[in-house]
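>>> give me the fold of what follows.
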Amino acid sequence: MDRIDLFRIFARVVECSSFTRAADTLGLPRSSVSAAVLELETRVGARLLHRTTRKVSPTQDGVSFYERCLPLVADVEEVEGLFRQSATQLTGRLRVDVPGRIGRLVIAPALPDFLDRYPQIDIELGVTDRAVNLVEDGIDCVLRVGPLSDSGLIARSIGSLPLINVASPAYLARHGIPQSPDELAGHWAVNYASPSTGRVENWEWVENGTAREKPVRGRVTVNGAEAYIACCLAGLGLIQIPAYDVRAHLAAGELVEVMPDHRAAPMPMTLLYSHRQHLSRRLQAFADWLEALLKRTICGDPGQA
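I've put the predicted structure just below:
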């Protein structure tokens, strides 16, 4: 094999964390993939992969080599795809990771449209709210909501997610309807603790263009959206939630929006991917489709949902 083929096979093994899965996506025998990696390791004079019965992962040298060879592979793939202009000629597999409820409620139901448009692209959809490592987990792109830390990845803004304040009719009948954050001292909230840091989030709102926050007492603290909404439905307190997340409950009268003039600032949504992937036309096609989908379904005015 020539060097570019060896680079391509090695990169796919890293991305799939498996010789077998890499072989399947490349349409090659597993033995050929394993032999190609061994040949590459011999050429460069370094061990590039840790091999266990459960997982294949890059060594420190392997990570460095992966990051160096990606631009070369991407350049070759871009040149090879210069004249593939139609959607039906875009091929390959995309591994995508998205937040849990956006994946289940919005993206998964809409995927048939994307797959019909691009019949030669396959999707591996990971649905999780945990932090992921694109290289070690073999993921092409991740959708994340909220402020970002500096990760060295390419970030594409997808839009903003409106937040609203809601409570159950039973809670409001018992405790009254708050008209402004000044009245929150007499109310209860379902507190939300960040799954990554454990920090309990304060109640937030925007007033005269300035973001403000304050703690609100609560007897229940949760660290997941499902439990957060369930506790609110049970009448345990007020919550702040993306509007799309409770659209059905609002329509059914199971939840009621409160303090509509004192909403928290919308949360940014960002698609993150590695430097290698910025040249992938199949990823560009998916990113364009995803941005249009999210702006059409969940980024609008929550009052019009």
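>>> where does the stretch 1-150 of the chain dip in pLDDT?
Applying pLDDT under 70 to the stretch 1-150 of the chain flags the ranges 77-78, 80-88, 135-138, 150.
>>> all helices of it, in order?
3-16, 19-26, 30-44, 60-80, 100-102, 108-117 (DSSP state H, counting those that start in this stretch).
>>> return the most buried member of those helices.
Of all these, helix 3-16 has the most neighbours on average by mean count of other Cβ atoms under 10 Å, namely a mean of 21. Backbone N, C-alpha and C define where each C-beta goes, glycine included.
>>> what's the angle between that one and helix 60-80?
Using axes from the mean of the first three to the mean of the last three Cα atoms, to 10 degrees, the inter-axis angle of helix 3-16 relative to helix 60-80 is 120 degrees.
>>> let's see helix 3-16 as CSV, backbone CA atoms only.
C-alpha atoms of helix 3-16 as CSV (Å, rounded to 0.1, in the frame of the first residue of the first chain):
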residue,chain,number,x,y,z
ARG,A,3,1.6,5.9,2.4
ILE,A,4,-1.7,7.7,2.0
ASP,A,5,-3.6,4.4,2.2
LEU,A,6,-1.7,3.5,5.3
PHE,A,7,-2.4,6.9,6.8
ARG,A,8,-6.1,6.6,5.9
ILE,A,9,-6.4,3.1,7.4
PHE,A,10,-4.6,4.1,10.6
ALA,A,11,-6.8,7.2,11.0
ARG,A,12,-9.9,5.1,10.6
VAL,A,13,-8.8,2.6,13.2
VAL,A,14,-8.2,5.5,15.7
GLU,A,15,-11.6,6.9,14.9
CYS,A,16,-13.4,3.6,15.2
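>>> now find how far off-centre it is within its chain.
Put simply, helix 3-16 sits 25 Å off its chain's centre (Cα atoms, centre = their mean, to the nearest Å).
>>> same for it, what does it pack against?
helix 19-26, helix 30-44, strand 56-58, helix 60-80 (3 or more Cβ pairs under 8 Å, 6 or more residues apart in numbering; DSSP states H and E).
>>> need the helices of the stretch 1-150 of the chain in CSV (columns: distance to residue 52).
Shown next, in CSV, are the helices of the stretch 1-150 of the chain (distance: least, Cβ to Cβ, whole Å):
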stretch, distance to residue 52
helix 3-16, 13
helix 19-26, 12
helix 30-44, 14
helix 60-80, 14
helix 100-102, 28
helix 108-117, 31
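>>> how much space between the residue nearest to residue 41 when sequence neighbours are not counted and residue 93?
Leaving aside its chain neighbours, residue 41 sits nearest to residue 48 (5.3 Å; criterion: Cβ to Cβ, 6 or more residues apart in numbering). In this view, residue 48 and residue 93 are 22 Å apart by Cβ to Cβ, to the nearest Å.
>>> neighbour count: the two, which is higher?
More crowded of residue 48 and residue 93, by other Cβ atoms under 10 Å: residue 48, with 21 against 17.
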